[in-house]
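**Q** next one to model:
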Amino acid sequence: MPSKGDSANTRDVTALVGADTPNIARMYDYWLGGKDNFAADRESAEEIVKISEGRVLRGVRLNRAFLGRAVRAAAEAGVRQFLDLGSGLPTRENVHEVAGPGARVVYVDYDPVVASHAHAILARSDGVGFVQADLRRPAEILGHPTVREIVDFDEPLALLFVSVLHFVGDADGPHRVVADFRDAAAPGSHLILSHLSKDGFPQKMAATEQVYQGASARLGARTREEILAFFDGFELSEPGLVGPTEWRPGAGGAGPERFAGLVGMGVRR
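**A** As a prediction, the model looks like this:
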């Protein structure tokens, strides 16, 4: 009998991605309370829960909430097209659902687990596409027929790098990657970004990085200065690069909790 987390969808993609290797998308799904994960994913995810003393569970939900607030803010500013790079498994309140009717969205992820789910779920949505591609190769994504069909690069768009760039190693030039997408975007385009920082909890972050050594992608947190550099060419919007509870929290105000992640939104000059 399959365990609680082994849904039909996850069994369908077993042939594509081994169930014995922790997968970063499925680990994130587990933390969000999803069912699309295997025992290996849950075991590694629980290790990180222990290391973080439970903060990761709250953190991923706050990160998802930031994504929603930032997408709404971009939509209110007139942005109607979104390129979600490293989108992960589809879940509740996806970008096209938050952005509202008429929004055009392309989700991009290289993971076949994500692709299997995304093609099935997003096929029913108008103005929405999925591209299985590696964000470390911007030219391939920017020239992809699906991207060119949905996105008009003469108009402002939102570039989303949410909880993904800490999986891109320094050797792959993550700042160059973001700059390539920035240079293809029209003035007035938005950058929506969240990234793990090593500054607040250095020992716990080092232990977390060790867990990811055996996962489908390695984790590399960065300093605040390194994260801020992703916004080169963008004007950082208020309240700047802050913790997820501090980014436009609404009527409830910012909470006292501290998390390892930093989030922000910028507008291309």
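**Q** mind listing the helices for the stretch 101-250 of the chain?
**A** Assigned by DSSP state H, counting those that start in this stretch, the stretch 101-250 of the chain shows helices spanning 112-122, 138-142, 145-150, 174-184, 202-211, 224-228.
**Q** then the third one to PDB, C-alphas only?
**A** Listed in PDB are the C-alpha atoms of helix 145-150, where the atom choice follows Å, rounded to 0.1, in the frame of the first residue of the first chain:
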ATOM      1  CA  PRO A 145       8.700  29.100 -29.200                       C
ATOM      2  CA  THR A 146       6.300  28.900 -26.200                       C
ATOM      3  CA  VAL A 147       8.000  31.900 -24.500                       C
ATOM      4  CA  ARG A 148       7.900  33.900 -27.700                       C
ATOM      5  CA  GLU A 149       4.300  33.000 -28.300                       C
ATOM      6  CA  ILE A 150       3.100  34.100 -24.800                       C
END
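**Q** quick check, central residue of this structure?
**A** Closest residue to the average C-alpha location of the chain: residue 162 at 3.0 Å, with CA atoms, centre = their mean.
**Q** just checking, that one touches residue 86?
**A** Yes. Residue 162 lies in contact with residue 86 (CB atoms under 8 Å); the separation is 7.4 Å. Yep, even glycine has a C-beta here, placed from its N, CA and C like the rest.
**Q** residue 97: neighbour count?
**A** Neighbourhood size, residue 97 [other CB atoms under 10 Å]: 15.
**Q** among the helices and strands of this structure, which has the poorest mean pLDDT?
**A** helix 8-12 (a mean of 39; mean pLDDT, DSSP states H and E).
**Q** now do whichever helix or strand comes after that helix: which elements does it pack against?
**A** Note on helix 8-12: by DSSP states H and E, the next helix or strand toward the C-terminus is helix 24-31. With contacts defined as 3 or more CB pairs under 8 Å, 6 or more residues apart in numbering; DSSP states H and E, helix 24-31 has these neighbours: helix 39-51, helix 55-76, helix 112-122.
**Q** any chance of those in JSON lines, with distance to residue 242 and mean neighbour count too?
**A** Converted to JSON lines, the helices and strands packed on helix 24-31 look like this (distance: least, CB to CB, whole Å; neighbours: other CB atoms under 10 Å):
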{"stretch": "helix 39-51", "distance to residue 242": "23", "mean neighbour count": "18"}
{"stretch": "helix 55-76", "distance to residue 242": "10", "mean neighbour count": "20"}
{"stretch": "helix 112-122", "distance to residue 242": "28", "mean neighbour count": "20"}
